[in-house]
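Provide a 3D model corresponding to the input given below.
(2 chains)
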Amino acid sequence: MTNELDIFVGNTTLIDEDVYRLWLDGYSVSDAVGLRVRSGILEQTGATAGVLQSDTMDHYRTFHMLERLLHTPPKLLHQLVFQIPPSRQALLIERYYAFDEAFVREVLGKKLSKGTKKDLDDISTKTGVTLKSCRRQFDNFKRVFKVVEEMRGSLAGNIQQHFLLSDRLARDYAAVVFFANNRFETGKKKLQYLTFGDLAFCAELMIQNWTPGAVDSQVDDMDVDLDKEFLQDLKELKVLVADKDLLDLHKSLVCTALRGKLSVFPEMEANFKNLSRGLVNIASKLTHTKDVRDLFVDLVEKAPGPLGSLHGHAAQLPPAHVPRLRPRSPDARPACPLLGPAAKGGGGRGIPGQPRSSPPRSARSPGPGARTSRPQPPSAPGRLPPGPGSGPSCPVEWGGGGTGSRAGQGNPAPRGRS
Amino acid sequence: MPGKLKVKIVAGRHLPVMDRASDLTDAFVEVKFGNMTFKTDVYHKSLNPQWNSEWFKFEVDDEDLQDEPLQITVLDHDTYSANDAIGKVYIDIDPLLYSEAATVISGWFPIYDTIHGIRGEINVVVKVDLFNDLNRFRQSSCGVKFFCTTSIPKCYRAVIIHGFVEELVVNEDPEYQWIDRIRTPRASNEARQRLISLMSGELQRKIGLKVLEMRGNAVVGYLQCFDLEGESGLVVRAIGTACTLDKLSSTAAFLPACNSPSKEMKEIPFNEDPNPNTHSSGPSTPLKNQTYSFSPSKSYSRQSSSSDTDLSLTPKTGMGSGSAGKEGGPFKALLRQQTQSALEQREFPFFTLTAFPPGFLVHVGGVVSARSVKLLDRIHNPAFVGIMGNTRSYKLLDWNSFNSDEPETRDAWWAEIRQEIKSHAKALGCHAVVGYSESTSICEEVCILSASGTAAVLNPRFLQDGTVEGCLEQRLSWQPGFFSIGSEKGEVDFFPQSQDSSSLLGQEENLPAGCGFCHIPYDELNMPFPAHLTYCYSCRKQKVPDVLFTTIDLPTDATVIGKGCLIQARLCRLKKKAQAEANATAISNLLPFMEYEVHTQLMNKLKLKGMNALFGLRIQITVGENMLMGLASATGVYLTALPTPGGIQIAGKTPNDGSYEQHISHMQKKINDTIAKNKELYEINPPEIPEEIIGSPIPEPRQRSRLLRSQSESSDEVIELDLSHGKKDAFVLEIDDTDAMEDVHSLLTDVPPPSGFYSCNTEIMPGINNWTSEIQMFTSVRVSRLSNINLTNQTLNKNFNDLCENLLKSLYFKLRSMIPCCLCHVNFTVSLPEDELIQVTVTAVAITFDKHQAVQTTKTHVEKSLQRASTDNEELLQFPLELCTDSLGPHPFSPAKEHLESASSNSGIPAAQRATSIDYSSFADRCNSWIELIKLKAQTIRRGSIKTTVSVEKASPLTEGHFRQRSAPACANSTVGVVKMTPLSFIPGAKITKYLGIINMFFIRETTSLREEGGVSGFLHAFIAEVFAMVRAHVAALGGNAVVSYIMKQCVFMENPNKNQAQCLINVSGDAVIFVRESELEIMSTQQPIASCQPACGGGEIAT
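You can find the predicted model right below:
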């Protein structure tokens, strides 16, 4: 005797969190049943394997039906078919859109296209995430990308509004979208030590400072693309390397700003020229799409290259610390106060709790910081406030002047222009 | 032109993409009622169109208003080809037709397509303006309220319970017309949906007319069913109990939006009279005479009721017990006369109710049932079929015009069965049948008609007279011990809960009353069947049977020990495939054996649980191609009034065989252990009674199984059998072959639910009364395929048993997060869609309860219920008073004397009452004295409260305002308001403040891409979820937040996996209500006492 049909429909849709997790993780019904059996649920409840099988099937069916709605979360809120308490709805959405660190590192910066989708089985084998789960996560990225791609307003805000995600998850998705749109290369071996958190932190600062949205909150694609004009302006930075006087001036300004705030200050000071040159070289090439894509690779490979021991660490330099080289200080200035807390928040996001990921934080301090990155973390946030003050001193320093130059637009901008 | 229907289409959302090119839709809406159609503009290129249409107005007869559904079709405009239908919404506008229900239907409705399911939602506003229709010969019955609830709905009071109403309508099934071969499945499904909608509307209207004829104003326990007879047609039939209901005034300050036409003019002469203040001052008022000139039963219903209408001025007919001729006659004689004739003159003294106002039920005889096997006749009148192609012409095809012989045939069939039931009841010494229900099982052209109910002796006052209290909150009064509270407080007199002298005496001895209904109604010396009688264990005065089977809920005043449990008997019998007559004969021959075995199983399982009574018994016999299935579900309880059940003894055939003997004794031990375990599990620990051997596993030789049916007549179709096992001892199980062994094994295989779970198929679990507010209603469906090889009765039985047990286990597992909880109203339905397929459908509700309180003793229960009841109690008590005030008119005594007697009545029951015997003819006497008694009480109490009248009147609208304000935001809070659904008639932890109307919906869903929709499970899962959604949407649109008495009456599922097709029909119904959480009511509790006085003193004024 076999059950051809076996269903359970509640007036309030029953959702078993454990089964939901198994479903999201892409386990088949039989695998899920096996895992549940191993969890000891049979002993706890006195149920039989058959009951468990039927229960799992039922939940899977429900989730399958819900999946269509989960693709557009606002629909889940307004639909009438499944009566689900709001707290459960939020849980469903949040979990559905959650992604695996391992998976996202593989996909970050790749074009969210069919081609990439075809590679998912490789990614699945590599990461140990089931193919089903990979597909779901990939499709989530793609869906979010498609929806917010050409939208006005804050990227994270749009995502939050259209997918009803938590603040944190929305910011993560913003990073994913930003990376995918700009196609930053993150898959190189050299970059492997960077966590998604590190990169997302970079993305957040770049979104805040390097996109059109940073200067004008009413343009299309404001948070998604890099500001072309800004990249153009970066070319002018070459003067900082070419002109000895300016170089010295720049160095002195940066050093003044950072003195006493940097544990690796002597190294930084000693290598300032090399450091500055590397960074300026990268910055000046960013008008080419290819170079933009390789930004992170270049930061790791080239910028600190001359710095010797810094190699391999300096890539943690957050590009975000490069100020807008804009004459329109009114526009840019708001970015400073914004950046302060944002950077703090960004830095604080999960990282303080994870010593492992301290490198990115050290990146906030320029190259020198990277060299002896360990002691840096605590000082990093502390350095943020002085930033504005030191701004004028090292306005054009890319990376190295990161902290200081934020407020320095007034001074450096004309220079950059000239 | 008595009605104007107004419809406004506001907007749509989440529409499907109909134009692939643009990924958008150009939607417009057709609004159709009867033959009139309106269209909105096309809203181009949007999935969320905002039509915001004008008001479409339909001017129609109220007859049409009742019959026709409002049909809203959403279409996609297509310039070049035909417009594509997106889906439809059928709105039953019936709730708008009675004054107290909803005034407007407004909300988001799922747009439903029979092929694609729900496709977006549409926001619609519907209103009805009813004009006065003074035509006495009208065919409409607007204003008659319908309730699915099988008890007197909360917030209503039963003035009179008139009795049985039934009707059936027959039509041809569109699915079986020739046109079906050429039209699309969608068109065919829609034709069917519309036809059934139309037929149920018509049926409801016709029943309504009957109710009006009986001078009732409501139908309670309304049960409508469809028989899909295939080629021979489609039968829609309904039964119900006609009542005159009064709305409880505390929640009655509504504005009648659409009064039933005749209302206003008739109310005038009465509104002045029932002013209680005038009454209280003197015993004689003009009202007395006036009332009597019409009919005594009327006078009591008038006061404060703005809803019960149409009844008063017309002279009594039909039901009239000649009371018109009695005017001026002695009150006593009149009552007696009524008593005798009240039920006798009824064709069928049946009641579909399962729970009753206290005092209604006097004695319960036992279950009566009748079955009949019929052959469905072939299609007739093929000449007319052509017309059916036009969907608009269904009206023409009304059975009146064509198939006029048809309903008569069906009517005759049912009449035959009902007659049978009636005679069974009579044989049990009962004059009425309660908890009555009818069902059918159809396979090909064979149809089994079944009817069952509980033979009972009723208190006739409820049936004719107005002096009845039906208003009691059922939920509260269900709690055991409620009445003993009453008696302690000296208020018991208002509840005529003790119906016969013995229980009255019992009360006097301060024993809990409520054994009365167990006492045998039949003559001890002339028993209709062999049964073992003992003296009642509660009152020790009257005889009771050893076991009691009933189809009703546990009476409110019954005292039980421990908890109840779900008991099921499951049975399969193979049957040869046969055609027509041969098939019918084969089935008829099998039926008696099935009934016998089902009964034996039930009895054995009951004994095994250590219990002595079954409530809510429902035996379903399903016929299939090659087998018959029997499934009986009931809730077992231990009634204190009944003797302790004996155990089960096993006897072997070959007593000399040593090892065999050992085996037997092993089994016996197992059984005894199970009984002991069950007693512990269900907390059955009856007090030791010296003259009885309690808990002895060895049955007394005299003890017998009881046959709960009569021997009166027998016929070919109606099965008559003696289930009493003849001379054999019923509880000795003889193991003489493997079959018997199987039986014993199967007895022991039933696993009790896991700890923290209880289950029952009645409204509430006996022994649990501290429900918390979490409820989860669910439907679970399983279809099992039997392996074809070597099907024997045993394997079949085992399979079926496993299927049911596994299903229950699954439910327990699924709902484990709700522990401790109870599955209530567990309703199993079995069908045999194909040769080897068994389909079991379960609908039930899981309700959480407070475990800590649950384990407390009965005594604390009493205290608890006292606390819980306290607020409502006061309220409750007032309504009877209201009646009493009215009955004062004809009262012969002088106030002084009343006063005197009332003083004495406080201390106890008048001697006259105690002395009366059980014999029926004395009922009148007792009624009389009882009425006198309550009148006295009323008098005294009312005097006390007169002074508060003024303040009360002011308070009442205020409180009502509170209700409104508090309930409104509760619904509007979240994006989609939560709508609770429950098969019960109440919502735990909440108070139902308003009934909005009946929900009765029929859906068909079909697919031609079964695999793509997730196979049969995916298909049906989605469909049931959609049905729930549509029910909820309709309730929400009516302004409600819950459906009570929800029932899925039909779930017919057919599949054809080879063709990748499946079809399913679902019919659901329930009552839409507004409820308010008790916690939200708490604030008002301080006002409650004042407010509750109001009905007694100011009811009349409120109504004006």
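
what residues are up against residue B:996?
The neighbourhood of residue B:996, defined by Cβ atoms under 8 Å, 6 or more residues apart in numbering or on different chains, consists of B:95, B:101-102, B:1035, B:1038-1040, B:1071-1074. Placement of C-beta: from N, CA and C, glycine included.

Restricted to helices, list these.
Filtering these for membership in helices, criterion DSSP state H, returns residue B:1035.

can you redo the contacts of residue B:996 as JSON lines with neighbour count, pLDDT and distance to chain A?
Conversion of the contacts of residue B:996 to JSON lines gives the following (neighbours: other Cβ atoms under 10 Å in any protein chain shown; pLDDT from 0 to 100; distance: Cβ to the nearest Cβ, whole Å):
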{"residue": "B:95", "neighbour count": "29", "pLDDT": "84", "distance to chain A": "19"}
{"residue": "B:101", "neighbour count": "23", "pLDDT": "64", "distance to chain A": "22"}
{"residue": "B:102", "neighbour count": "27", "pLDDT": "72", "distance to chain A": "19"}
{"residue": "B:1035", "neighbour count": "29", "pLDDT": "92", "distance to chain A": "11"}
{"residue": "B:1038", "neighbour count": "27", "pLDDT": "90", "distance to chain A": "15"}
{"residue": "B:1039", "neighbour count": "22", "pLDDT": "90", "distance to chain A": "16"}
{"residue": "B:1040", "neighbour count": "30", "pLDDT": "90", "distance to chain A": "14"}
{"residue": "B:1071", "neighbour count": "25", "pLDDT": "92", "distance to chain A": "15"}
{"residue": "B:1072", "neighbour count": "28", "pLDDT": "92", "distance to chain A": "14"}
{"residue": "B:1073", "neighbour count": "29", "pLDDT": "91", "distance to chain A": "15"}
{"residue": "B:1074", "neighbour count": "26", "pLDDT": "91", "distance to chain A": "17"}
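
For the contacts of residue B:996, work out which two are farthest apart.
The widest separation within the contacts of residue B:996, taken as Cβ to Cβ, falls between B:1039 and B:1071 and amounts to 13.6 Å.

so what's the closest residue to chain A within the stretch 301-450 of chain B up against?
When Cβ to the nearest Cβ is the measure, the stretch 301-450 of chain B has its nearest residue to chain A at residue B:443, with 19.0 Å between them. In this structure, residue B:443 makes contact with B:623-625, B:832, judged by Cβ under 8 Å, 6+ apart.

ok, those vs residue B:755, which is closest?
Closest to residue B:755, out of all of those and judged by Cβ to Cβ, is residue B:832, at 34.8 Å.

for the one helix or strand residue A:5 maps to, which positions count as buried?
Using DSSP states H and E, residue A:5 falls within strand A:2-10. Residues of strand A:2-10 classed as buried: A:3-10 (neighbour count, 16 or more other Cβ atoms under 10 Å in any protein chain shown).

and these near chain B, which?
The subset of the buried residues of strand A:2-10 within reach of chain B, by Cβ under 8 Å from any Cβ of the partner chain, is A:3-10.

ok, what's across the strand from residue B:776?
On the basis of DSSP bridges, residue B:776 takes part in beta bridges with residue B:846.

Residue B:126: neighbour count?
Summarising burial for residue B:126: neighbours were counted as other Cβ atoms under 10 Å in any protein chain shown, giving 24.

Specify the local secondary structure of the residue nearest to it when sequence neighbours are not counted.
Residue nearest to residue B:126 in three dimensions, not counting chain neighbours: residue B:105, with 4.2 Å by Cβ to Cβ, 6 or more residues apart in numbering or on different chains. Classification of residue B:105 using DSSP: H, G, I helix; E, B strand; the rest coil returns strand.

How about the contacts made by residue B:105?
Here residue B:105 is in contact with B:91, B:93, B:95-96, B:124-127, B:1034, B:1037-1038 (criterion: Cβ under 8 Å, 6+ apart).

what do you get if the cut-off is 10 Å, keeping everything else the same?
B:7, B:70, B:91-93, B:95-96, B:124-128, B:996-997, B:1034, B:1036-1039 (Cβ atoms under 10 Å, 6 or more residues apart in numbering or on different chains).

Quick one: the helices in the stretch 151-300 of chain A, in order.
Listed in chain order, the helices of the stretch 151-300 of chain A (DSSP state H, counting those that start in this stretch) span A:155-163, A:167-182, A:196-210, A:228-234, A:239-242, A:244-258, A:265-284, A:289-293, A:295-301.

Next, format the buried residues of strand A:2-10 as JSON lines and append distance to residue B:557 and pLDDT.
What follows is those, written out as JSON lines (distance: Cβ to Cβ, whole Å; pLDDT from 0 to 100):
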{"residue": "A:3", "distance to residue B:557": "43", "pLDDT": "78"}
{"residue": "A:4", "distance to residue B:557": "46", "pLDDT": "83"}
{"residue": "A:5", "distance to residue B:557": "43", "pLDDT": "89"}
{"residue": "A:6", "distance to residue B:557": "42", "pLDDT": "91"}
{"residue": "A:7", "distance to residue B:557": "40", "pLDDT": "92"}
{"residue": "A:8", "distance to residue B:557": "37", "pLDDT": "93"}
{"residue": "A:9", "distance to residue B:557": "37", "pLDDT": "93"}
{"residue": "A:10", "distance to residue B:557": "34", "pLDDT": "92"}
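
Looking at these, which one is closest to residue B:13?
Nearest to residue B:13 among these, counting by Cβ to Cβ, is residue A:9 at 23.7 Å.

Residue B:586 and residue B:569, how far apart?
For residue B:586, the distance to residue B:569 (Cβ to Cβ, to the nearest Å) stands at 22 Å.

do the same with residue B:70
For residue B:70, the distance to residue B:569 (Cβ to Cβ) stands at 45 Å.

before we move on, what about residue B:762?
When Cβ to Cβ is the yardstick, residue B:762 and residue B:569 sit 16 Å from each other.
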